[in-house]
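*Asks:* here is a sequence with its predicted model. Questions after.
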Amino acid sequence: MNREQDEMNRRGIGMTSQRTRERLIQRLYEEGLSNAQVLEVIRRTPRHMFVDEAFSHRAYEDTSLPIGHNQTISQPYMVARMSELLLEAGPLDKVLEIGTGSGYQTAVLAQLVERVFSVERIQGLQDRAKERLVELNLRNVVFRWGDGWEGWSALAPYNGIIVTAAASEVPQALLDQLALGGRLVIPVGTGDVQQLMLIIRDEQGYSRHILDAVRFVPLLNGPLA
Ligand code: SAH
């Protein structure tokens, strides 16, 4: 038995959790997610570490859950879907993530790409996310407390940019910071339901593809204490 399973058993969510984890992967597969690498990473990433203890028994349900500060951990389906969209055209070395939240999507990405740069406006969430990634020994992530509308220009350009909160419009800074051939995945809209968009940059400019109807918390303005 490995250390992670040991720890899970100690916390009383051992074998049940193993089974529910497998069920989650099966369900994502049946819903049309087919990137084996993404599904494998989701299978082995302990989502219960990213939610409050009170919700850990629901960590492997395909649902978003509260993480404090009025924010939510993304639904596994969305994490898988957005990761697939980013990786569709091949492996990525530099990915910018806006909206670290619990750090769950960050942890998934860290296992799929070379380096992740993650921006969050709520410092308390960022601190917890950092601790979780250290616990999981995922060291290829750099965090920044700041406003995602501005991206992270000092380290641009990025081959992939993922935004995990809904923007009223596509932030110009993120378009500017996308590398040629790069892919931006972002929910856009102001209502309860938004549109997931994939934007690809090439020599001619940007091509925009409108994909699924989705529900995200809004991308707000400015960093918070
Ligand atoms: N992927 C995260 C989802 C968190 S919810 C997870 O799975 O846990 C969206 C996150 O975006 C929240 O943490 C929120 O604080 C953050 N956010 C909202 N507006 C932001 C902004 N302008 N800049 C950076 N982060 C922002």
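*Replies:* Here it is on my side, so go on.

*Asks:* please save the CA atoms from stretch 131-149 in CSV.
*Replies:* What follows is stretch 131-149, C-alpha atoms only, in CSV (Å, rounded to 0.1, in the frame of the first residue of the first chain):
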residue,chain,number,x,y,z
GLU,A,131,0.6,24.1,0.7
ARG,A,132,-1.4,21.4,-1.1
LEU,A,133,0.9,21.4,-4.1
VAL,A,134,4.0,21.1,-1.9
GLU,A,135,2.3,18.2,-0.1
LEU,A,136,1.8,16.5,-3.4
ASN,A,137,5.4,17.3,-4.4
LEU,A,138,4.3,19.2,-7.5
ARG,A,139,7.1,21.7,-7.8
ASN,A,140,6.7,23.1,-11.4
VAL,A,141,4.2,25.7,-10.4
VAL,A,142,4.8,29.4,-9.6
PHE,A,143,2.1,31.4,-7.9
ARG,A,144,1.3,35.1,-8.1
TRP,A,145,-1.2,37.1,-6.0
GLY,A,146,-2.7,39.6,-8.4
ASP,A,147,-5.4,40.5,-10.9
GLY,A,148,-6.0,38.0,-13.6
TRP,A,149,-7.3,40.6,-16.0
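
*Asks:* buried residues in it?
*Replies:* Neighbour counts using 16 or more other CB atoms under 10 Å place Arg132, Leu133, Leu136, Leu138, Val141, Phe143, Arg144, Trp145, Gly146, Asp147, Gly148, Trp149 of stretch 131-149 among the buried residues. In short, each C-beta sits where N, CA and C put it, glycine included.

*Asks:* so what's the nearest residue to the last one once chain neighbours are set aside up against?
*Replies:* So that's Trp149. Beyond its immediate neighbours in the sequence, the residue positioned closest to Trp149 (CB to CB, 6 or more residues apart in numbering) is Pro171, lying 4.8 Å away. When contacts are counted by CB atoms under 8 Å, 6 or more residues apart in numbering, Pro171 is found next to Gly148, Trp149, Glu150, Gly151, Val163, Leu219.
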